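Undergrad: need a 3D model of the following:
(one chain, ligands or ions: 1)
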Amino acid sequence: MKFESLLIHGGIDGDASTGAVNVPIYQTSTFKKGKFDADNTYEYSRSGNPTRAALEKLIAELEEGYAGFAFASGMAATTAVLSQFKTGDKILISNNIYGGTFRVLDKYFNNFGINYSVFNSSNIEELKNNIDDSVKAIFIETPTNPLMGITDIEEVAKIAKKNNLITIVDNTFMTPYLQKPITLGADIVIHSGTKYLGGHSDLIAGLVIVNNNELAEKIGFIQNSTGGVLSPFDSFLLIRGIKTLALRMDRHNSNANIIANLLKDRKEVEKVYYPGFEDHPGYKIQSKQAKGYGGIISFLLKEGYDYKKFLENLELITFGESLGGVESLICHPATMTHAAIPSEMRQEIGITDNLIRLSVGVENVDDITEDLIKALEI
Ligand SMILES: Cc1ncc(COP(=O)(O)O)c(C=O)c1O
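TA: Coordinates of the predicted model:
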């Protein structure tokens with residue numbers, strides 16, 4: 001089955017017992033045991049629930065992985081993945097990663113002696129130089145959030161394999177429609193399902209996909225033991241969102257391309273970070289490893305330009321957290337999504353106060369254009 005059809009018919013297609021075209025919401029905490037010695041598939045919904053199982057099977061197929069796991073948020077998914085490590089282990093993370101991922105390592109896992117070290121993920125030599133005996137995994141996001149740096153997944157995975165390390169890729173920005181890290185050698189893929197996969201800004205969810213049985217057993221054990229599972233209702237919503245992923249991503253891609261070019265030519269804008277520009281340093285790698293450039297654009301407003309007023313003046317584009325919804329969303333990374341990163345480090349990597357991140361929605365692009373121009377010109 002082709003990917004677009006798999007989005008609609010993959011995993012568990014409908015309900016065999018009634019013929020319903022959608023997987024039902026199994027809103028139950030527990031399941032009847034019946035026979036004393038019965039070995040039933042479902043016993044208790046933390047351990048397994050049929051609606052969640054349908055979603056988990058679907059995402060594993062979409063990412064071409066071995067097994068999938070659904071969590072109550074992207075951060076619950078990341079936390080579950082990082083929970084496989086032990087005191088003394090070190091994780092190498094990209095210097096430009098979602099603020100919450102940085103925070104959970106910096107302020108939570110460090111309590112258990114799990115360390116991290118930061119490297120520039122667009123520079124493979126820097127990665128090699130950071131590997132020592134304590135390093136157990138490499139955690140990347142590509143494109144990076146919010147500066148849209150590109151990392152060569154295949155190269156990272158090759159280095160990881162050589163050194164017996166696990167490659168973890170947060171694929172939230174791209175989705176499996178545009179990029180499939182496991183096919184490029186990654187071991188674990190993480191998603192904030194809250195974003196493009198859900199697509200409608202109406203749920204919080206996280207997903208983990210692994211490429212082998214050993215990792216599946218580990219993550220399955222952690223999921224059941226720590227219990228941050230996705231509810232049956234939210235599993236249903238996420239399955240529903242995924243059905244239209246291809247249609248939405250095509251529009252996100254084309255709208256973002258038009259908006260990136262518009263911003264590039266504006267006198268109020270200093271610089272646009274968009275991997276679809278041929279002069280973007282990661283353009284070649286992005287074109288090789290992904291089927292598109294995605295719907296996220298970051299841009300620097302000119303020094304002295306009133307970025308607060310610009311954000312407040314937008315009418316169609318929602319000024320708020322998050323990304324990947326059908327509606328255009330805009331945020332100020334330094335005080336919002338990346339506030340957990342120490343100010344000095346933010347400045348160093350370029351998350352300055354005049355940096356804006358725009359998640360281009362699927363509205364008519366003329367309306368998005370008009371809103372941006374009006375707000376920029378006020
Ligand atoms: C790239 C990325 N990964 C992970 C997360 C965390 O996901 P959630 O908010 O669903 O916990 C986010 C949230 O913004 C994100 O942008």
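Undergrad: buried set for stretch 151-171?
TA: Within stretch 151-171, the residues scored as buried using 16 or more other C-beta atoms under 10 Å are 151-154, 156-157, 159-160, 165-171. In short, each C-beta sits where N, CA and C put it, glycine included.
Undergrad: ugh, wrong one, stretch 43-50
TA: In stretch 43-50, counting by 16+ other C-beta under 10 Å, buried: 45-46, 48-50.
Undergrad: which of these fall in helices?
TA: Among the buried residues of stretch 43-50, DSSP state H puts residue 50 in helices.
Undergrad: I'd like the buried residues of stretch 43-50 as JSON lines, with pLDDT appended.
TA: Formatted as JSON lines, these follow (pLDDT from 0 to 100):
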{"residue": "45", "pLDDT": "98"}
{"residue": "46", "pLDDT": "98"}
{"residue": "48", "pLDDT": "98"}
{"residue": "49", "pLDDT": "98"}
{"residue": "50", "pLDDT": "98"}
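Undergrad: farthest pair in the buried residues of stretch 43-50?
TA: The most widely separated members of these, counting by C-beta to C-beta, are 46 and 50 (13.6 Å).
Undergrad: contact partners for the residue nearest to the spatial centre of the chain?
TA: Residue closest to the average C-alpha location in the chain (C-alpha atoms, centre = their mean): residue 172, at 1.8 Å. Applying C-beta atoms under 8 Å, 6 or more residues apart in numbering, we find residue 172 in contact with 74, 98, 141, 145, 190-192, 195-196, 324.
Undergrad: please apply the same query to residue 86.
TA: By C-beta under 8 Å, 6+ apart, the neighbours of residue 86 are residue 114.
Undergrad: same question for residue 246.
TA: 3-4, 7, 177.
Undergrad: tell me the confidence at it?
TA: Here the pLDDT value assigned to residue 246 is 98.
Undergrad: state the phi and psi torsions of residue 136.
TA: The phi/psi pair for residue 136 (degrees, to the nearest 10) reads phi -120, psi -20.
Undergrad: give me the nearest residue to it, chain neighbours excluded.
TA: residue 89 (4.4 Å; C-beta to C-beta, 6 or more residues apart in numbering).
Undergrad: quick one: the one you found from residue 32, how far?
TA: According to C-beta to C-beta, to the nearest Å, residue 89 stands 42 Å off from residue 32.
Undergrad: okay, the two: which has more neighbours?
TA: The neighbour count for residue 89 versus residue 32, taken as other C-beta atoms under 10 Å, is higher for residue 89 (18 against 9).
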